[in-house]
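A.B. asks: Provided below are the primary sequence and the corresponding predicted coordinates.
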Amino acid sequence: MQNKVIIITGASSGIGLACAREFAKRGAKLTLAARSADKLDEIKSELQSKGSDVITVKTDVSIEEDCKNMVDETIKHFGKIDILFNNAGISMRATFKDVDLKVIKQIMDVNFWGTVYSTKYALPYILEQKGSVVGVSSIAGYVGLPGRTGYSSSKFAIHGFLEALRVENLKAGLHVLIAAPGFTASNVRKVALTANGSSQGNTPRKEDKMMKAEDVAVHMANAIIKRKSTLVLTFLEGKFTVFLKKFAPALLRKLTFYHMAKEPNSPFK
Ligand SMILES: NC(=O)c1ccc[n+]([C@@H]2O[C@H](COP(=O)([O-])OP(=O)(O)OC[C@H]3O[C@@H](n4cnc5c(N)ncnc54)[C@H](O)[C@@H]3O)[C@@H](O)[C@H]2O)c1
């Protein structure tokens with residue numbers, strides 16, 4: 001990753017922040033994008049004190065103009081883009097029967113449209129470098145998860161978008177990685193949207209029993225360097241789910257239902 005220019009969306013916490021630290025450690029030059037300028041500036045200072053070349057761009061990825069600006073600022077400072085790491089994302093916790101449709105729309109705007117806008121403006125520069133577009137998906141992008149209709153839809157949509165993009169640019173030398181971490185300790189569950197669009201405010205799972213974002217970041221960096229097409233992390237929630245989806249989908253539906261229904265205050269039983 002030495003001297004590669006990488007844009008990371010959603011770099012202010014969780015997997016995005018851990019990737020910023022990991023990629024910087026490996027010599028990358030970074031554009032850190034998220035909505036909170038203060039948080040980004042703290043991270044920039046930390047990484048700059050270790051000698052990294054880093055800029056921050058306050059960006060709401062659900063706003064097309066912000067994504068264009070993120071790319072323009074990167075080109076202004078670094079002159080090229082090698083890798084776009086589409087990581088910004090939000091989740092939900094409500095059944096479709098109860099959920100306000102604005103919640104589904106908000107999730108699509110951030111997870112799907114954020115990826116589409118960012119990729120649209122960064123792609124011409126990435127093609128010049130024969131670089132990489134990464135989409136941080138989820139196991140919810142392989143199997144529809146109950147209580148997560150909007151989240152699963154957004155991740156399935158990312159898979160379709162990135163798979164098509166990969167084939168379209170086969171001859172141009174573009175690398176596309178679809179990465180699906182399993183449960184990883186982060187803010188994603190705490191800030192997940194409820195039926196009326198408010199934040200859930202707490203996590204229903206034991207975050208300390210999950211993968212660490214720092215470990216996920218090492219796998220992400222290795223998968224980018226090896227130009228892998230997919231990365232599915234963890235056996236039980238990850239590889240096993242993808243295997244069952246292919247060979248025993250009815251069994252997977254039952255296991256998914258009972259596994260997710262066990263969560264405290266699960267919105268479905
Ligand atoms: N943590 C997990 O268990 C897990 C599992 C699978 C996939 N993922 C995916 O990993 C990615 C990162 O999530 P995380 O777990 O680190 O959660 P997180 O909540 O800690 O991080 C999400 C990041 O996205 C940013 N973000 C949210 N909305 C944004 C917007 N409109 N514009 C710009 N930035 C925005 C947040 O500020 C934050 O920096 C997400 O796409 C998530 O779906 C997470």
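C.D. replies: Looks like it arrived, so ask away. What you are looking at is a predicted structure, and each value in this text was computed from that prediction instead of being measured.
A.B. asks: and the nearest residue to Ala172 once chain neighbours are set aside, what does it touch?
C.D. replies: Distance criterion Cβ to Cβ, 6 or more residues apart in numbering; nearest residue to Ala172, sequence neighbours excluded, is Leu127 at 5.4 Å. To be clear about C-beta, it is placed using only N, CA and C from the backbone, and glycine gets the same treatment. For Leu127, the contact set (Cβ atoms under 8 Å, 6 or more residues apart in numbering) comprises Asn169, Ala172, Gly173, Leu174.
A.B. asks: and those, which are buried?
C.D. replies: Asn169, Leu174 (16 or more other Cβ atoms under 10 Å).
A.B. asks: and of the contacts of Leu127, the nearest to the ligand?
C.D. replies: Taking Cβ to the nearest ligand atom as the measure, Leu174 is the one of the contacts of Leu127 closest to the ligand, at 20.8 Å.
A.B. asks: secondary structure class for the residue nearest to that closest one when sequence neighbours are not counted?
C.D. replies: Excluding its sequence neighbours, the residue lying closest to Leu174 (Cβ to Cβ, 6+ apart) is Leu127, at 6.2 Å. Per DSSP: H, G, I helix; E, B strand; the rest coil, the local secondary structure of Leu127 is helix.
A.B. asks: once you drop chain neighbours, what's closest to whatever residue of the stretch 51-200 of the chain ends up closest to the ligand?
C.D. replies: With Cβ to the nearest ligand atom as the measure, Gly89 is the residue of the stretch 51-200 of the chain nearest to the ligand, at 2.3 Å. Distances taken as Cβ to Cβ, 6+ apart place Asn111 nearest to Gly89, at 4.9 Å, with adjacent residues excluded.
A.B. asks: burial count for the one you found?
C.D. replies: Using other Cβ atoms under 10 Å, Asn111 has 29 other residues around it.
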